[in-house]
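Undergrad: mind looking at a prediction? Sequence and model below.
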Amino acid sequence: MIGAMTRHEIQILRAVGMAQTAIAATTGVSVRSVRRIEDEPVVRNSDTAALIRARGVGRPSLAAPWAPTVERWLQEDRTVPSGEIIRRLREDHGYRGGKSAVYELIRRLRPVSVAPLVRFEGVPGEFSQHDFGMVSVRYVTGVVERVRFFASRLKWSRFVDVTLVPDEREEALIRGLLHALEAFRGVPLVTVWDNPKTVVLARKGALIVWNPVFGQVALDYRFAPELCWPRAGQQKGAVENLVGWVKKSFFTCRRFHDRADLEQQLRAWLRMVNTERPNRATGIIPAVRLAEEQRRLRPLPIAADAYALKYAVVVSARARVSHAGHEYSMPPAAIGQAATLHLYEERVEILTKTGLVIRHPRRAAAASLLPEHRAAMLDAVRGARGRLYFQRQSLWELGRPAEAWLTELIHRR
């Protein structure tokens, strides 16, 4: 099928006197097709599909003669099953064609149910929206970095907070949320989310299985989380548009020298959109409306930097507690005990069932091993051979230089 715009091009070129063979070479159609299209009515619609329907191009469908009948049945009952329509056509009207032609006919004729679009607005202090976003940034130097961010917005005042995050895991979401609540200087009644695994583990109909770590945050800060229904664009649009707006308004229309310059420009941009420029939807500067909205926000019960994510753990036989790829040493007396790991921004606290509290700094290294725990483990290990191998393992865990030194030492013996 030759498209509508190609037909239009052929008619225009023939109108100015171009030879049929030249037009055929230019448009990639045969000379015979050029002659035929030249004699056709002038193309007045750029929609090729509409042109096909109007011209009746192609072999007619075997089900076409029954189109008025099927249309009448669907107007009487739009939910009538396709199988029932095929049965009626065959038994009552003598249809002898295949099912596919009837299915295609029904698809074109059945009225489509469209849910009405409901605007998602709220009163002061009622709703906030939150979501992750990701964008590839090319710095002036040519280096490309994939930048992830967490965006939050109060629905009524349009006050926005955006934080750069290392990933889209539980801690990044919760730290980003608490940072936003501190920027809002209060907690709204409802936080609105898409359906990330960091918020909801599964949903079966009306049953929602919440992520327990996120659920504890909702309990501690006394807000009600609300999820958009999957594949419901009229519900998700406002949340997803927040991420799209941040990308278009900040990331894609600016140039950055490096990550530090990006962070500096982000702070300046947030200051501008929140405190200097009137919001397009409300016509008022968000900070002005925030001052009114804050009267309806509840105070934060816990400061963001004082909040700990809590995980149930067990002290292993090596007197270690593992979490998210990191190990934390414990006294050998705590081996086998259940404990709770409190994850702060700058430190880790492990509370055992006996009331013992062990504190570790948060490090990039895979293991945090306190000297007093090493000494206690060495005393607890039985036998000279066991102590020897414990010491070797302790050296090994210091890193690659210690491993190389230990290798040379062993092979010199």
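TA: All right, it came through fine. All values reported here derive from a predicted model rather than from experimental measurement.
Undergrad: isn't residue 195 right up against residue 211?
TA: No - using Cβ atoms under 8 Å as the test, residue 195 is too far from residue 211 to be in contact (10.9 Å). Bear in mind the C-beta positions are built from the backbone N, C-alpha and C, glycine included.
Undergrad: so which helix or strand takes in the residue nearest the centre of the chain?
TA: Geometric centre of the chain, nearest residue: residue 132, 5.5 Å, by Cα atoms, centre = their mean. Element membership for residue 132 (DSSP states H and E) is strand 127-138.
Undergrad: show the subsequent helix or strand relative to that strand.
TA: Immediately after strand 127-138, counting by DSSP H and E, sits strand 144-154.
Undergrad: so for whichever helix or strand comes after that next one, what gets flagged as buried?
TA: Sequence order places strand 160-165 as the next helix or strand after strand 144-154, per DSSP H and E. Within strand 160-165, the residues scored as buried using 16 or more other Cβ atoms under 10 Å are 160-163, 165.
Undergrad: what angle do strand 127-138 and strand 160-165 make with each other?
TA: 50 degrees (axes from the mean of the first three to the mean of the last three Cα atoms, to 10 degrees).
Undergrad: state the pLDDT value of the closest residue to the residue nearest to the centre of the chain other than its chain neighbours.
TA: Among residues not flanking residue 132 along the chain, residue 168 sits closest, at 4.7 Å (Cβ to Cβ, 6 or more residues apart in numbering). pLDDT, residue 168: 93.
Undergrad: and for residue 268?
TA: Reported pLDDT for residue 268: 97.
Undergrad: shouldn't it be within a helix?
TA: Yes - counting by DSSP: H, G, I helix; E, B strand; the rest coil, residue 268 is found in a helix.
Undergrad: what about it, how many neighbours?
TA: 10 (other Cβ atoms under 10 Å).
Undergrad: where's residue 170 relative to residue 243, distance?
TA: 19 Å (Cβ to Cβ, to the nearest Å).
Undergrad: I'd say residue 182 and residue 300 touch.
TA: Yes - judged on Cβ under 8 Å, residue 182 makes contact with residue 300 at a distance of 6.7 Å.
Undergrad: and these two? Which one has more around it.
TA: residue 300 (19 against 14).
Undergrad: pretty sure that one sits in a strand.
TA: No - counting by three-state DSSP, residue 300 is not part of a strand but coil.
Undergrad: run through the residues that contact it.
TA: Residue 300 makes contact with 181-182, 185-187, 221, according to Cβ atoms under 8 Å, 6 or more residues apart in numbering.
Undergrad: out of those residues, which end up buried?
TA: Here, 16+ other Cβ under 10 Å leaves 181, 186-187, 221 buried among the contacts of residue 300.
Undergrad: which residue packs closest to residue 154, ignoring adjacent ones?
TA: Residue 154 sits nearest to residue 128 (Cβ to Cβ, 6+ apart), 5.2 Å away.
Undergrad: so how far is residue 147 from that neighbour?
TA: 23 Å.
Undergrad: who has more neighbours out of those two?
TA: residue 128 (28 against 17).
Undergrad: list the residues that contact that one.
TA: So residue 128 contacts 152-155, 180, 184, 188, 190-192 (Cβ under 8 Å, 6+ apart).
Undergrad: which strand residues bridge it?
TA: Legend: beta-bridge partners of residue 128 under DSSP bridges are residue 154, residue 191.
Undergrad: do the one 5 residues further on as well
TA: Here residue 133 shows beta-bridge partners residue 149, assigned using DSSP bridges.
Undergrad: what about it, how many neighbours?
TA: 20.
Undergrad: surely it touches residue 163?
TA: No - distance between residue 133 and residue 163: 10.9 Å, which falls outside the contact criterion (Cβ under 8 Å).
Undergrad: in the stretch 301-413 of the chain, which spans are helices?
TA: When assigned using DSSP state H, counting those that start in this stretch, the helices of the stretch 301-413 of the chain occupy the ranges 371-380, 384-396, 400-412.
Undergrad: out of these, which gets the lowest mean score?
TA: Among those, helix 384-396 carries the lowest mean pLDDT (a mean of 66).
Undergrad: what separation do you get for residue 308 and residue 165?
TA: Residue 308 is 18 Å from residue 165, by Cβ to Cβ.
Undergrad: right, I mislabeled it, should have said residue 71
TA: Note on residue 71: its distance to residue 165, by Cβ to Cβ, is 54 Å.
Undergrad: ok, residue 126 next?
TA: Counting by Cβ to Cβ, the gap from residue 126 to residue 165 is 26 Å.
Undergrad: residue 307 now?
TA: Distance from residue 307 to residue 165, by Cβ to Cβ: 16 Å.
Undergrad: same thing with residue 214?
TA: In terms of Cβ to Cβ, residue 214 sits 15 Å off from residue 165.
Undergrad: one more: residue 102?
TA: Counting by Cβ to Cβ, the gap from residue 102 to residue 165 is 52 Å.
Undergrad: hang on, the earlier thing: just want to know which of residue 195 and residue 211 has more residues nearby.
TA: When residue 195 and residue 211 are compared for neighbours, residue 211 comes out ahead with 20 against 14, by other Cβ under 10 Å.
Undergrad: that one touches residue 200, doesn't it?
TA: Yes - using Cβ under 8 Å, residue 211 is in contact with residue 200, at 6.4 Å.
Undergrad: how about JSON lines for the contacts of residue 128, with distance to residue 107, neighbour count and pLDDT added?
TA: Shown next, in JSON lines, are the contacts of residue 128 (distance: Cβ to Cβ, whole Å; neighbours: other Cβ atoms under 10 Å; pLDDT from 0 to 100):
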{"residue": "152", "distance to residue 107": "42", "neighbour count": "22", "pLDDT": "96"}
{"residue": "153", "distance to residue 107": "40", "neighbour count": "26", "pLDDT": "95"}
{"residue": "154", "distance to residue 107": "44", "neighbour count": "27", "pLDDT": "95"}
{"residue": "155", "distance to residue 107": "39", "neighbour count": "22", "pLDDT": "92"}
{"residue": "180", "distance to residue 107": "45", "neighbour count": "24", "pLDDT": "97"}
{"residue": "184", "distance to residue 107": "48", "neighbour count": "23", "pLDDT": "96"}
{"residue": "188", "distance to residue 107": "44", "neighbour count": "24", "pLDDT": "95"}
{"residue": "190", "distance to residue 107": "39", "neighbour count": "15", "pLDDT": "92"}
{"residue": "191", "distance to residue 107": "40", "neighbour count": "22", "pLDDT": "93"}
{"residue": "192", "distance to residue 107": "35", "neighbour count": "24", "pLDDT": "90"}
